[in-house]
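In: here's my sequence, what's the structure:
(2 chains)
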Protein chains: 2
Amino acid sequence: MKQIEHLLGFRKSIKVVDATLRDGGLVNDFYFTDAFVQNLYKTNIEAGVDYMEMGYRASKKVFDESKFGKWKFCSDEHIREIVGDNDTDLKIAIMADIGRHDKNDFDQKVNSPVDLVRVAAYIHQMPEAIDMIEDAAKKGYETSCNIMAISNAQETDIKAALEMLGQTPVDCIYIVDSFGSIYPEEMARVVDLYMNAATKYNKKLGIHAHNNQQLAFANTIEACGDGVDWLDATYNSMGRGAGNCAMELLLGFLKNPKYNVFPVFKFIEDYVIQLKKDGIVWGYDLQYLMTGLLNQHPRSAIQFTKDKREDYAEFYKEFLS
Amino acid sequence: MKQIEHLLGFRKSIKVVDATLRDGGLVNDFYFTDAFVQNLYKTNIEAGVDYMEMGYRASKKVFDESKFGKWKFCSDEHIREIVGDNDTDLKIAIMADIGRHDKNDFDQKVNSPVDLVRVAAYIHQMPEAIDMIEDAAKKGYETSCNIMAISNAQETDIKAALEMLGQTPVDCIYIVDSFGSIYPEEMARVVDLYMNAATKYNKKLGIHAHNNQQLAFANTIEACGDGVDWLDATYNSMGRGAGNCAMELLLGFLKNPKYNVFPVFKFIEDYVIQLKKDGIVWGYDLQYLMTGLLNQHPRSAIQFTKDKREDYAEFYKEFLS
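Out: You can find the predicted model right below:
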């Protein structure tokens, strides 16, 4: 059982990472207004958030620029328009999705407003992920690595990937519950596995959870209690499918006085509720529970949502047959 | 850390209690259609649910019968109209809310379709709760006791209440997170406290959680992993304010082959979604997070919801000023 001091006190090494534009962008194809992004940036500073992920830096060779908002591509110029010289304590992150990125799109850190390059990869893509990490680190960025969809990977393979990552310059390795299928009891064991490698190689650990089973926040604070320091959250859970750990829940939980939940409430009231009214849909629903339970990618559940279907039982039958 | 076998196997002593009509009734003043109740009963049987709580047996001296649906009062006659002789494995429960009940409304068990009388009381009402428990047990019912709002009670007082209850015929003592303010780490400690008394007096433990911080399911499975056997849930979380632990999540999690989540999906599709379309509102929202965070009764948040207010930040300020 964890110690009571852990709940009353706080750990300075904890970092809160706002992934609203990046994971939330998957819901609205990254078409955020400038006012949304500017105010989110301002709110993150007021709330004491440590990192703000501005989106993906997707390759324009892979994706058609005319079909997405600019935060799918996150050019240094577009980021500069929001953050200027970013003379604040809030660090700026972008994501490189392995196979959909181009490392030549990343300038030297000294020329960029970006602080952290977050590399996301499936476990079979580790060599390419490591190549990207090494390139970004050499250019002067902090780096992290998301090993995605681990609920479908073998422990032996995860251990091998952690060994490989341990030997890179990566600063932080993320536990990612892509399918929202992990229960807190399992999360504790996953953290144990990751912590062995993190301790051996002096790496930080992070957690990125999904809310298919209403466990994104619970799994995040379980991992936090087990020693994971970098915690991803999004405003009002905005994110693909069932969404992520809610920023308002996380900042309400964390006791470090540097965090302040009030501006988060205000931003949700002023900007996020409007997205929902405009018909942008995310959050817990039966179809996401089903893919979570069955440990599957949520894409079919997302399609179910897009099609405005309500025949939940039939959808479940489609999996069983 | 809990053992991996716990997640793969199952514990026969676990009982699932459907509280949809009772806690859900607080949202629609107990105006459920007969079709809803009949099909919920049928669904619970198909799903392998162990107890179905039909509602409160509130005193008609305290509440005006014309202002509520019949499940606020749960007469034996109305229950019989749904369950007949209830020749099934599903047991029938009703709740006696201390101070709002009349023990003379409870006939001898032999004349009643009710199996379990659930007594709910604040900690300062223990003597009256015990009087009710003893009366119901003498009449032949199983009994349980909810000690409500424990997040506002002192541990010393809870211990004293558990000692008092231990010496009654009560079958099961419930941990109740009325305000949805308890985190899983705290839940583990609360269970520890209750388990000491339960072991000493050979009582079962139960858990009734609220979803203010999206932790109702997480706290329920945390408690379950710590040895709590009676688990309350409601279909699609229907319940006061932020609602309860979702039945679909709980049955998806439990591994006993007697449980079957599919009929739950079907019932939600056929009956619960319609309630939402009719304008009945429950479930996680910022105002409930706020009362949960501040460890307060959700009544002001419920009023905020009823008034269709959206000025969340202003609502939070009202607490702080």
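
In: quick one: residue A:120 from residue A:98, how far?
Out: 6 Å (Cβ to Cβ, to the nearest Å). All C-beta atoms are positioned from the backbone trio N, CA, C, and that covers glycine.

In: the more surrounded of the two?
Out: residue A:120 (25 against 20; other Cβ atoms under 10 Å in any protein chain shown).

In: wait, isn't that one in contact with residue A:149?
Out: No - judged on Cβ atoms under 8 Å, residue A:120 makes no contact with residue A:149 at a distance of 10.4 Å.

In: up against chain B, what does the stretch 201-321 of chain A have?
Out: By Cβ under 8 Å from any Cβ of the partner chain, the residues of the stretch 201-321 of chain A that approach chain B are A:211, A:213-218, A:221-222, A:225, A:236, A:246, A:248-249, A:252-253, A:261-262, A:265-266, A:268-269, A:273, A:286, A:289-290, A:293, A:310-313, A:316.

In: in what helix or strand does the closest residue to chain B within chain A lie?
Out: Here chain A gets closest to chain B at one residue, residue A:218, 3.3 Å apart by Cβ to the nearest Cβ. Using DSSP states H and E, residue A:218 sits within helix A:216-225.

In: where does pLDDT dip in chain A?
Out: A:1-6 (pLDDT under 70).

In: longest helix anywhere in it?
Out: helix A:184-201 (DSSP state H).

In: in that helix, which residues are buried?
Out: A:184, A:185, A:186, A:187, A:188, A:189, A:190, A:191, A:194, A:195, A:197, A:198 (16 or more other Cβ atoms under 10 Å in any protein chain shown).

In: so what's the residue count around the nearest residue to residue A:275 once chain neighbours are set aside?
Out: Distances taken as Cβ to Cβ, 6 or more residues apart in numbering or on different chains put residue A:28 closest to residue A:275, at 6.9 Å, once the chain neighbours are dropped. Around residue A:28 there are 19 other residues, counting by other Cβ under 10 Å.

In: from memory residue A:28 sits against residue A:280, does it?
Out: Yes - with contact defined as Cβ under 8 Å, residue A:28 reaches residue A:280; the gap is 5.0 Å.

In: show me where chain A has strands.
Out: A:15-18, A:51-56, A:91-97, A:116-122, A:142-148, A:172-176, A:204-208, A:230-233 (DSSP state E).

In: turn those strands into TSV, including distance to residue B:34.
Out: Formatted as TSV, the strands of chain A follow (distance: least, Cβ to Cβ, whole Å):
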stretch	distance to residue B:34
strand A:15-18	49
strand A:51-56	51
strand A:91-97	53
strand A:116-122	52
strand A:142-148	49
strand A:172-176	47
strand A:204-208	46
strand A:230-233	44
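
In: out of these, which comes closest to residue B:8?
Out: Of all the strands of chain A, it is strand A:172-176 that lies closest to residue B:8, at 21.0 Å by Cβ to Cβ.

In: any bit of that closest one sitting next to chain B?
Out: No - using Cβ under 8 Å from any Cβ, strand A:172-176 stays clear of chain B, with a minimum separation of 15.7 Å.

In: please report how far the nearest residue to residue A:80 once chain neighbours are set aside lies from residue A:7.
Out: Leaving out its chain neighbours, the residue that sits closest to residue A:80 by Cβ to Cβ, 6+ apart is residue A:113, at 5.4 Å. Separation of residue A:113 from residue A:7 (Cβ to Cβ) stands at 36 Å.

In: between those two, which is the more surrounded one?
Out: Using other Cβ under 10 Å as the criterion, residue A:113 and residue A:7 rank with residue A:113 on top: 20 against 16.

In: thought that one was touching residue A:83?
Out: Yes - using Cβ under 8 Å, residue A:113 is in contact with residue A:83, at 5.4 Å.

In: joint contacts of those two?
Out: residue A:92 (Cβ atoms under 8 Å, 6 or more residues apart in numbering or on different chains).

In: what's around residue A:84, how many residues?
Out: 11.

In: then the one 3 residues further on?
Out: Close neighbours of residue A:87, defined as other Cβ under 10 Å, add up to 6.

In: domain map for chain A?
Out: A:12-283, A:285-321 (automatic domain parsing).

In: and the last one, how far apart are its ends?
Out: With Cα to Cα, to the nearest Å as the measure, the first residue of domain A:285-321 is 21 Å from its last.

In: same deal with the first one?
Out: Its start and end residues considered, domain A:12-283 measures 30 Å (Cα to Cα).

In: chain A: helices as residue ranges?
Out: Counting by DSSP H, the helices of chain A are A:4-8, A:20-28, A:34-47, A:76-83, A:126-139, A:155-166, A:184-201, A:216-225, A:247-253, A:262-267, A:273-277, A:286-293, A:299-306, A:312-320.

In: between those helices, which gets nearest to residue B:158?
Out: helix A:4-8 (15.8 Å).

In: closest one to residue B:230 among the strands of chain A?
Out: Here strand A:204-208 is closest among those (Cβ to Cβ), at 31.3 Å.

In: mind giving me the packing neighbours of that closest one?
Out: Strand A:204-208 is packed against strand A:142-148, strand A:172-176, helix A:184-201, helix A:216-225, strand A:230-233, with contacts defined by 3 or more Cβ pairs under 8 Å, 6 or more residues apart in numbering or on different chains; DSSP states H and E.

In: go again using 10 Å as the cut-off
Out: If you count contacts as 3 or more Cβ pairs under 10 Å, 6 or more residues apart in numbering or on different chains; DSSP states H and E, strand A:204-208 packs onto strand A:15-18, strand A:116-122, strand A:142-148, strand A:172-176, helix A:184-201, helix A:216-225, strand A:230-233.
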